[in-house]
Every structure is written in C-alpha cells, then in structure tokens.
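J.: pasting the sequence and the predicted coordinates here, then a few questions.
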Amino acid sequence: MTELDTLAHHVCEKTTGDFIVHIPDVGEVYDKIVELNDGKYANVLLVPEYNGHDSWADELAWLAANFGGVDGIPIMLAVFGGGGPDGPTPQLSTSDIQDALAVANVKWLVFSEVISWHIEFSEEFPVAYVAGILAFAQANGLKVFWSEWKVDCAGGDTFKAIQTYIAGYEDIVTVAFKTNSGDLEPAAGFEYLKNLGFTHWGSTVETWYWHTRHKEEEPPELCDPDNMPIAWMIRHAIEAKNIGAEIIQFEPYWYFFGTNDGKAKETLKLLHYYLNSAMSSMETSTNILQTIFAEWLYGPDKDKIHWVNSRVDVGIGLQPSAFDFVKTPKKYAISVYSLGSSSPSRRLWLKIEDVAVDILVKVLGTTIEKAALIREQMRAEVERIIHKYSAIAPLWNPNPGPTGAPRRRRIPGLPDVVIGQEPVQIEDKNFVQVTVYVRCRVYPNRTWI
C-alpha cells in the first residue's frame, strides 16, 4: 500500500468584498506548517489563491512578491477550476503557467472541481485544453493534482472520466476526492477512489463539507464551514491516510490561521499532532462534545455555556458537588467524558463505548424550578443532536450512490450513537444537573503502539 508523503495547505489573500483575508508574511505561515510537520512527511506545499483567481495579472504579481521566487516556497499552482456561471476560474494557458514558473517555485499544477463544474452548468468538457496542459506539465517536470467532489456523472462516473482524460499521463497525475461531496461521505469516497485503481490518489479535506451536509437546513449559521469540528477534519484526514492516500490537501486557510495576523490556530496544531501520531482520532467523548457544540441551536447561547472536555477541567466528578460547579465560570455547563468501553463478542474490529453528557445549570439568582426548566431544555437539545446521528434518524440522502447503499448522517468513526438509558437528575440549592448516557459504536482504526 502506498503511504502519505505530501501535505498541501491552501493560503489566500482577499483584498475586496465583505470578507478580508491578509497574510502579513507567507514565509512565516509556511515555516509554521513545516515546523508542525516535524519531518514526518517528505513534502509540504502551499496552494495559493488571490482574490478568488479573479485576475491572473494580480495573482502573478502576488506570487512574485510573496513566495520567494523560483527557489522559494514550493507551491501547487491553481490552473483550472470550477467557478460561477460565467466560466471556469481560473483557466490558465501554458503561457500563463510559464510566467508563473519564472517567478515562483511551482511544483504542481491543480485542477479543481472542473468536471463537477461542467456537469453543473451543462457545458462541454474541454478535452483538448486538458491534454495540452498535461503535455506541458510532463515536458516541464511538473505534477498535476486533480480533485473532484461529484461522483455521479449523468449516468456515468466523474472519476472514470478522469481515467480517460489522463491516459498516458498516469505517472504525473494524482486524482483526489474532495470531502465537500454531495454524493458520498468522505470515508466511502476515499475507498471508492482507491478501488478504481489510479496510479496515484489523494484527498482534499475541507470545511466546506460542513456546509454541504447542512445546506438544506436553517438557520444559516449552522451551515457555516468555520463551524465544522476539528475532530471531524482530523478523522477525515486519518481515514484517507489509513487507506493509502499519497497527498492530503487542506482548506480553507482561515480555518487554520488568523484572517489578518497569519498566526496559527489551535486547529492547525491539533491536525498535525494527530497526523504525526499513531492515534486514529480524538477521543470519542471529545468528538461527541464538539458535535454537540457545532450542532447547538436551541437553549442558552453557546458562549454562555462552559464546554468541558474532561472532568479534570473544572473538577466535576461523577457525583458533582455544589462546590465543584460553583467553580465554573458560567451559568451553564456541558461536560462529556467516557465511562469505559468493551468489545462485544470479542469482535476487535468493533467496540462499544459509553459516554456521559453532564448538563448543569446554576440556581444562583433564580429558582430551582426555573433552573430545572432550562436544564430540561438543554437535555432535549443534546438528545435532538444525538438522534440526528443515530441509526433510526432520517436519512440524509436515501438514494443509493455508487456504493449501492443509502447515505445517512454519521459522526466520523462512530457507526451509531444512541441514548443508552434513562437520564439521571440531581438537584441542589446551588445547581441542577441531568446526565444523559450515550452508547457509541466505535470503529477503532489505530491506537498507540
């Protein structure tokens, strides 16, 4: 089996519109990624984007000024991509690419969502243009990263179509499945792509996945890609890595770095920590907590709740005392922790883990009855979210895809979650609490060696 050897991170500069993104020092961004990689993977590249590729002249000038020239930061150059109804963005000529080679350290060319775009807008795919770019790449010692999200292709198959377009260039082209797909969930998409037998394959792991899975729902803030739990991003990356992806590309830039200061966020540090370790993903309790946080709509506002990743954080025990909860800084708290796991019938490929979700509301300044009412509202919200990912929940898309099975909502790594027993309530003059017990079926990929 091939192994992961290349990481690529999207970086961008947006100088116009409502959403401004500025990178004070691209070199510092690249150096931070290299530092966190810690020599684990042989190649680290950036995938630059300037103002949505609106102007090639402006993008070329930005590359020349910020990426250190032909001996500078290695990049994947966006050459051919999806876009709006007016046409693919970008669609560079071989002359444009030659100009980029003169000012930047271009190692790869990128095709992104181009078949998907042509299907969506009922346009004929430019086979001759693609053949010309591939021939140019081969002649100039460049590789090509081609990623798509659409699988079903008007009765055909997007990735099988790619196989015909890259015939003769298989050695230089890596084909990737994008996790923002509306056709397959990430793990199924990676497996599907691998089984098609490409010489080189990889993945694009992105927060746009979160928008895709929620785009039919309201309110809009639930669809915000920045709302995607980092535990999910990590799990998607590990799923691709564990079955043989050679390259993983991550986006968007601002999910991992500050929009204007270029400083690495905790999300970047956690991602690389798990990629570099033998851990399969974050703990089940963390995954559950982050999912509840990301899906939270009803009840007290998120910023009024103290989200506790372990009992050690605030000293809340299995039987919390008034003293424990008085120490929490906010009026409400949700604490998630594991109660233990087992392997039923000695099936080591599957384990059952029981997780407790403690919901606590301070009585101070109100009555026990009012605090209990809010507690019940929070309990109902936790149970609503857990139900969304259970086997009995409504299917996300009941129509069988290429794998022949309907697709449903699922927390990565957890085939099923269910409320395991009746919740346990505790009331005190200082706080009220309810504990919801969640039984999780877990696929453990890898553990510490």
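T.: Alright, I've got the coordinates.

J.: who's in contact with stretch 70-80?
T.: By Cβ atoms under 8 Å, 6 or more residues apart in numbering, the residues outside stretch 70-80 that reach it are 8, 26-27, 30, 43-49, 53, 63, 67, 88, 90-92, 97, 100-112, 114, 129-130, 133, 145, 249. From N, CA and C alone the C-beta is placed, and that goes for glycine too.

J.: can you pull the buried residues of that stretch?
T.: Buried residues in stretch 70-80, counting neighbours by 16 or more other Cβ atoms under 10 Å, are found at G72, I73, P74, I75, M76, L77, A78, V79, F80.

J.: what's the following helix or strand after the lowest-mean-pLDDT helix or strand in the chain?
T.: Across the helices and strands of the chain, mean confidence by mean pLDDT, DSSP states H and E is lowest for helix 322-326: a mean of 56. Next helix or strand after helix 322-326 toward the C-terminus (DSSP states H and E): strand 332-342.

J.: ok, and what's touching that following strand?
T.: Applying Cβ under 8 Å, 6+ apart, the external contacts of strand 332-342 come out as 283-286, 288-289, 292, 300, 304-311, 313-314, 316, 325, 351-362, 374, 378, 382, 437, 442.

J.: would you agree E295 is in contact with H387?
T.: No. E295 is not in contact with H387 according to Cβ atoms under 8 Å; the separation is 10.7 Å.

J.: what's the burial count for the nearest residue to N260 once chain neighbours are set aside?
T.: Residue nearest to N260 in three dimensions, not counting chain neighbours: H22, with 4.9 Å by Cβ to Cβ, 6 or more residues apart in numbering. A count of neighbours around H22, defined by other Cβ atoms under 10 Å, yields 13.

J.: tell me the contacts of H22?
T.: E13, K14, T15, T259, N260, G262.

J.: looking at this, the fourth one is in a strand?
T.: No. With DSSP: H, G, I helix; E, B strand; the rest coil as the criterion, T259 is located in coil rather than a strand.

J.: and E295 and H387? Which one has more around it.
T.: More neighbours surround E295 than the other of E295 and H387, with 20 against 15 (other Cβ under 10 Å).

J.: look up how far A167 lies from the more buried one.
T.: Separation of E295 from A167 (Cβ to Cβ, to the nearest Å): 44 Å.

J.: and stretch 192-207, how far apart are its ends?
T.: 21 Å (Cα to Cα, to the nearest Å).

J.: list the buried residues for it?
T.: Buried residues in stretch 192-207, counted by 16+ other Cβ under 10 Å: Y192, L193, K194, F198, H200, W201, G202, S203, T204, V205, E206, T207.

J.: OK, contacts around the second one?
T.: Under the criterion of Cβ under 8 Å, 6+ apart, the contact list for L193 reads F159, V175, A176, F177, W201, S203.

J.: picking that back up, out of the buried residues of stretch 70-80, which sit inside strands?
T.: P74, I75, M76, L77, A78, V79, F80 (DSSP state E).

J.: now flag whichever of those is closest to V418.
T.: Nearest to V418, judged by Cβ to Cβ, of those is M76 at 42.6 Å.

J.: quickly list what the closest one is bridged to.
T.: Counting by DSSP bridges, M76 forms beta bridges with W108.

J.: could you list the domains of the protein?
T.: Annotated domains of the chain cover 6-276, 284-442 [automatic domain parsing].

J.: point out the most buried one among those domains.
T.: domain 6-276 (a mean of 18; mean count of other Cβ atoms under 10 Å).

J.: now the strands for the stretch 151-300 of the chain?
T.: Ranges of strands within the stretch 151-300 of the chain are 152-153, 156-157, 173-178, 201-206, 247-251, based on DSSP state E, counting those that start in this stretch.

J.: the helices in the stretch 151-300 of the chain, which residues?
T.: Assigned by DSSP state H, counting those that start in this stretch, the stretch 151-300 of the chain shows helices spanning 158-165, 186-195, 208-214, 230-242, 253-256, 266-276, 284-295.

J.: span of stretch 150-169 from start to end?
T.: Start-to-end span of stretch 150-169 (Cα to Cα) is 22 Å.

J.: i'd like the first residue to be 3 from this point on
T.: Right, with 3 as the first residue, what we last looked at is stretch 152-171.

J.: now it: average pLDDT?
T.: Stretch 152-171 shows a mean pLDDT of 83.

J.: for it, what is the distance to the chain centroid?
T.: Computed by Cα atoms, centre = their mean, to the nearest Å, the separation of stretch 152-171 from the middle of its chain amounts to 24 Å.

J.: what lies in contact with that stretch?
T.: Defining contact as Cβ under 8 Å, 6+ apart, one finds that stretch 152-171 is touched by 115, 117-118, 121-122, 127, 129, 132-133, 136-137, 139-140, 146, 148, 150, 175, 177, 179, 183-186, 191, 194-195, 198, 200, 403-404.

J.: low pLDDT regions in this structure?
T.: 3, 155-158, 218, 220, 282, 312-328, 346-351, 398-408, 446-451 (pLDDT under 70).

J.: state which helix of it is the longest.
T.: Determined from DSSP state H, the single longest helix within the chain is helix 370-390.
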